[in-house]
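Next input, structure requested:
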Amino acid sequence: MHITIVGGCFPVQYNIEPDQLYHHTLRKLLATHCADQWPALEIIRYERFSTCLAKLAAAQARQPTQVVLFHLRAEPVMRLSKLYYRFLNDQNQVRHSLNFSWGPHSNPERYDLLTRLRPAPALPPPPETRLHRYFRQLNLRLGAAVGNRRRALRQYQELVAAVVAFCQHEGIRLLLVGPVSRPCAQVENRLSWQLDAHFTRFAQQHGLDYLPTLGETDATGQPLFFSNGIHVSPAGHHRIGHLLYQRLQPASAPPCQNS
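Model prediction:
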């Protein structure tokens, strides 16, 4: 079996051991039913909606896959929802913009985030100041007020519909993996719940396989996130690995053989 994961930072989270990542747990569980043959894995990271499908098509051309796990994420919606956006243009110059849903262009979709200007992440990352959190949340609220969030959700649904059509054309099993909670901030957590509700309805209307993952503690009360409320804890990865296995266990999964 070959599995392709389409997601963000979650599949490659840096602050836990590699064997604690959810896809390691998933592959280990699947291997117990495939004579200890671990499924092959490819991870595609996406931030911008406009380049995501091309990345998936290129990966499929390199190595055909049988299963696509498509992670629905709050982060790209938040990026598109901002009223104020800072970015690097094509000349590597820092620029500032105000984004409105009625504008002809969307700078958050045209330009990547300022990752090249940021230092390497600390372990653990420093806590966010109250002032920074306040302005970040205010930026999201103002963007939502001018319609940016509605536009972002519409663009996200268009991307998911394109991924669905691609997987159907290629004969790939698609599992939409719902967003995780965002306990770091109330506005972001509400967005995750909104995304989950939106795509739950979308999946039901189109007969798609959808796996909800919201939650902040497991069945035993163990926290699913680190104290910063952003990064998923080892317990959270363990939980999602098992949820995915229950959905992809051999009774419904493709054959074990790698291609």
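
so Ile3 sits in a strand?
Yes: Ile3 sits within a strand when classified using DSSP: H, G, I helix; E, B strand; the rest coil.

count of neighbours near the closest residue to it other than its chain neighbours?
Leaving out its chain neighbours, the residue that sits closest to Ile3 by C-beta to C-beta, 6 or more residues apart in numbering is Val67, at 4.7 Å. (C-beta placed from N, C-alpha, C; glycine too.) Val67: 20 surrounding residues under other C-beta atoms under 10 Å.

ok, which stretches of the stretch 101-250 of the chain are helices?
Under the criterion DSSP state H, counting those that start in this stretch, helices of the stretch 101-250 of the chain are mapped to 107-110, 130-145, 148-170, 186-206, 234-248.

what about Leu175, distance to Lys82?
30 Å (C-beta to C-beta, to the nearest Å).

My error: substitute Tyr46 in the last question.
18 Å.

And for Pro18, the neighbour number?
There are 10 residues near Pro18, going by other C-beta under 10 Å.

My read is that it contacts Val12, right?
No: using C-beta atoms under 8 Å, Pro18 makes no contact with Val12, being 9.2 Å away.

and Val68, that one's in a strand?
Yes: counting by three-state DSSP, Val68 is found in a strand.

show me the contacts for it.
By C-beta atoms under 8 Å, 6 or more residues apart in numbering, the contact set of Val68 is Ile3, Thr4, Ile5, Val6, Leu56, Val163, Cys167, Ile172, Arg173, Leu174, Leu175.

So for it, what's the pLDDT?
The score at Val68 is 98. That number is its pLDDT.

Against Asp209, how distant is it?
11 Å.

Please identify every residue contacting each of the two.
Common neighbours of Val68 and Asp209 (C-beta under 8 Å, 6+ apart) are Arg173, Leu174, Leu175.

beta partners for the second one?
Listed by DSSP bridges, the beta-bridge partners for Leu174 are Val68.

My read is that it contacts Gly207, right?
No: counting by C-beta under 8 Å, Leu174 does not reach Gly207; the two are 11.2 Å apart.

So between the two, which is more surrounded?
Shown here are Leu174 and Gly207; by other C-beta under 10 Å, Leu174 has more neighbours (20 against 7).

what sits against that one?
Val67, Val68, Phe70, Val163, Val164, Cys167, Gln168, Leu208, Asp209.

go again using 7 Å as the cut-off
Val68, Phe70, Val163, Val164, Cys167, Leu208, Asp209 (C-beta atoms under 7 Å, 6 or more residues apart in numbering).

Check Asn107 too.
So Asn107 contacts Tyr85, Phe87, Ser97, Asn99 (C-beta under 7 Å, 6+ apart).

pLDDT score for the third one?
The one in question is Ser97. With respect to pLDDT, Ser97 has a value of 87.

and stretch 31-41, which residues are buried?
For stretch 31-41, burial by neighbour count (16 or more other C-beta atoms under 10 Å) applies to Cys34, Pro39, Leu41.

Distance of the first one relative to Leu248?
This points to Cys34. From Cys34 to Leu248 the distance is 12 Å (C-beta to C-beta).
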